[in-house]
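K.L.:
Everything below, folded, please.
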Amino acid sequence: METLFFFSQLNMCESKEKTFFKLIHGSGKEETSKEAKTRAKDKRNRLSLLVQKPEFHEDTHCSSSAYVAEEKRVSPEEAVKWGESFDKLLSHKDGLEAFTRFLKTEFSDENIEFWKACEDFKKNKDPQNMMLKAKAIYDTFIQNDAPQEVNLDFHTKEVITKSITQPTLRSFDAAQSRVYQLMEQDSYTRFLKSDIYLDLIEGRPQKPSNLRRRSRSFTYNEFQDVKSDVAIWL
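P.N.:
Numbering: from 1, shown residues only. Here you go, the predicted structure:
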C-alpha cells in the first residue's frame, strides 16, 4: 500500500515569500562595524571610478602598447643617464613613464601616482581648485582604506587630516618627501635591474607587460581635470 504525502501549498508559498523578503531587505540585524567599513570603502571606490576618464578602463594591452610605442623613441644614451640619479629619471618624461610602467608590474604604482599628483597640486593658483584637488588627493591616497593608500606614518597622516579643510601648497610636502624616499631607496634600485630598463639601455624593443589589475584611483592626468563641482564629493 503506497503512502501519499501532502504538502501545504500555503506553507510553501509563505516560506518562499519570507526568503525573498530576507534577500531584498536583509535579516533586520544592524550592520557590524566591519560591514560598515566595507560599504564605505566600496562607496569611495565607486566615487573614484565615476570621475575617471573613459579611456582609463580600456584593455590593459592597449595601455601597454602605448608605453611600448613611447619608449621605442628613447635612445640608449638617454636611458643610461636615468641610472645616474633618481632625480634625473623623474625629471625626464620618458623616464617617468618607464618607471611608472615598472611600478605597475610590482603593483605599487600608487606611490608614483601620488608623487605626480602632489607635483601637479603645487602648481595651483586658484584657491577653490586647490581645495578640490587637495580633497581628491586625500580621499584617494591618504585616508585609511583609500583606494590607493600610500604607506605613511601616523603623524604625517594626522597633520594632513587636520589641515585638509584649509590646505596650502605645502600641505602634502612631508608625505610626498616620504614616498619619494621609499621609491628612491627601494623601487628605483629594482628598476635599474629590471628588464624594462635593461632593454632600454641596450636598445631592445620593449615587451608588453601583462598587468593583472587596473588601478582604481586617479592618475596624474585625471587630477589635472578635476572640476569645481562640489557635488562629486557628496
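
K.L.:
Quick check: which element contains residue 112?
P.N.:
helix 110-121 (DSSP states H and E).

K.L.:
Give me the buried positions along the following helix or strand past that helix.
P.N.:
Sequence-wise, the next helix or strand downstream of helix 110-121 (DSSP H and E) is helix 127-137. Buried positions in helix 127-137, judged by neighbour count with 16 or more other CB atoms under 10 Å: 130-137. The way it works is simple: take the backbone N, C-alpha and C, and place the C-beta from them, glycine included.

K.L.:
Quick one: list the elements packing against helix 127-137.
P.N.:
In terms of contacts (3 or more CB pairs under 8 Å, 6 or more residues apart in numbering; DSSP states H and E), helix 127-137 is packed against helix 110-121, helix 220-224.

K.L.:
avg pLDDT for that helix?
P.N.:
Helix 127-137 shows a mean pLDDT of 95.

K.L.:
Equivalent analysis for stretch 88-104, please.
P.N.:
97.

K.L.:
re the thing from before, so which of the helices and strands packed on helix 127-137 is the most surrounded?
P.N.:
helix 110-121 (a mean of 22; mean count of other CB atoms under 10 Å).

K.L.:
All the helices of the protein, residue numbers only.
P.N.:
Secondary structure of the chain (DSSP state H): helices at 9-25, 33-50, 60-71, 76-82, 86-91, 93-105, 110-121, 127-137, 154-163, 173-182, 188-191, 195-201, 220-224.

K.L.:
What is the neighbour count of residue 77?
P.N.:
9 (other CB atoms under 10 Å).

K.L.:
likewise residue 180?
P.N.:
19.

K.L.:
Over to residue 84?
P.N.:
9.

K.L.:
give me every residue that touches it.
P.N.:
Not one residue lies near residue 84 by CB atoms under 8 Å, 6 or more residues apart in numbering.

K.L.:
Next, the buried residues of stretch 83-100.
P.N.:
86, 89-90, 92, 94-100.

K.L.:
And for stretch 180-187?
P.N.:
Buried, per 16+ other CB under 10 Å, within stretch 180-187: 180, 182-183, 187.

K.L.:
and if you look at stretch 155-164?
P.N.:
156-157, 160, 164.

K.L.:
Give the rounded mean pLDDT of it.
P.N.:
94.

K.L.:
got the CA positions of it in CSV?
P.N.:
C-alpha atoms of stretch 155-164 as CSV (Å, rounded to 0.1, in the frame of the first residue of the first chain):
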residue,chain,number,x,y,z
HIS,A,155,51.9,61.6,12.5
THR,A,156,52.2,62.6,8.8
LYS,A,157,48.7,61.4,8.2
GLU,A,158,47.4,63.2,11.2
VAL,A,159,48.9,66.5,10.1
ILE,A,160,47.3,66.3,6.7
THR,A,161,43.9,65.3,8.1
LYS,A,162,43.8,68.3,10.4
SER,A,163,44.8,70.8,7.6
ILE,A,164,42.8,69.3,4.7
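
K.L.:
got a list of contacts for it?
P.N.:
Under CB under 8 Å, 6+ apart, the answer for stretch 155-164 is 134-135, 138, 142-143, 171-172, 174-175, 178.

K.L.:
How about stretch 186-202?
P.N.:
Against stretch 186-202 from outside (CB under 8 Å, 6+ apart): 71, 74, 76, 79-80, 82-83, 86, 89, 98-99, 101-103, 105-106, 108, 111, 204-207, 209.

K.L.:
Please, a PyMOL command that selects the buried ones among these?
P.N.:
Selection of buried members from the contacts of stretch 186-202 for PyMOL, criterion 16+ other CB under 10 Å:
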select buried, resi 71+74+79+82+86+89+98+99+101+102+103+105+108+111+206+209
